[in-house]
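Novice: what would the 3D arrangement of this be:
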Amino acid sequence: TKRVIKNILWTTAKNFTVERGRQQIEELISTWDIHESWLHHSEFLEEEELKDSKRYHYRACWGIPTCRKPIPRATASVYFVIVISKFKPDTTPVEVFYRLESSRLIRRPEQCQFREKWLKDIIEHKIACTERL
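Specialist: Below is the predicted model of the structure:
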């Protein structure tokens, strides 16, 4: 069966603010099929000025706290970039990309449905690495 890729309507370049970008990332995350035991926080990291665009960098940090371990043994981060073109009309929606902390593969929300397994894999790998040390 083919999965339906969930996405949101992104704000236009004209209406973009750093806080609006963070809110929309939260809105996107709310469409992801992730168990409720996962908790996260998102934050703005930096603004990057390029010749053809402005890029706004964010991070969502994920973990599964439990009663026994309220501070997770490891966390997994998802990095987002919101791009505003300097050449397209300011009525054009912003472009959004994300990548996992353990990967160089850049994904677009409208082309790839997020998978909870990716977060589990990162955390399992980190725990395995720390146990080897």
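Novice: need the contact partners of the longest helix anywhere in the chain.
Specialist: Longest helix of the chain, by residue count under DSSP state H: helix 116-132. Applying C-beta atoms under 8 Å, 6 or more residues apart in numbering, the contact partners of helix 116-132 are 32-35, 38, 62-64, 72-76, 78, 100-102. All C-beta spots, glycine's among them, are computed from the backbone N, C-alpha and C.
Novice: tell me which residues of the least confident helix or strand in the chain by mean pLDDT come out buried.
Specialist: One helix or strand of the chain scores below all others by mean pLDDT, DSSP states H and E: helix 116-132, with a mean of 92. Neighbour-count burial for helix 116-132 flags Trp118, Leu119, Ile122, Ile123, Lys126 (criterion: 16 or more other C-beta atoms under 10 Å).
Novice: okay, these in TSV with distance to Phe44 next?
Specialist: Below are these laid out as TSV (distance: C-beta to C-beta, whole Å):
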residue	distance to Phe44
Trp118	22
Leu119	21
Ile122	22
Ile123	24
Lys126	24
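Novice: ok, which stretches of this protein are helices?
Specialist: 18-29, 116-132.
Novice: and the shortest one, what does it pack onto?
Specialist: Read it as helix 18-29. Secondary-structure packing of helix 18-29 (3 or more C-beta pairs under 8 Å, 6 or more residues apart in numbering; DSSP states H and E): strand 39-49, strand 53-63, strand 76-85, strand 95-100.
Novice: of all these, which lies closest to Thr12?
Specialist: Nearest to Thr12 among the helices and strands packed on helix 18-29 is strand 76-85 (9.3 Å), distances taken as C-beta to C-beta.
Novice: how about the CA coordinates for the closest one, as CSV?
Specialist: The C-alpha coordinates for strand 76-85 follow below in CSV (Å, rounded to 0.1, in the frame of the first residue of the first chain):
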residue,chain,number,x,y,z
ALA,A,76,17.9,12.3,18.2
SER,A,77,17.8,15.6,16.3
VAL,A,78,16.1,16.6,13.1
TYR,A,79,17.5,19.7,11.4
PHE,A,80,15.3,21.9,9.3
VAL,A,81,16.1,24.6,6.9
ILE,A,82,13.6,27.1,5.6
VAL,A,83,14.8,28.9,2.5
ILE,A,84,13.5,32.2,1.2
SER,A,85,14.6,32.9,-2.4
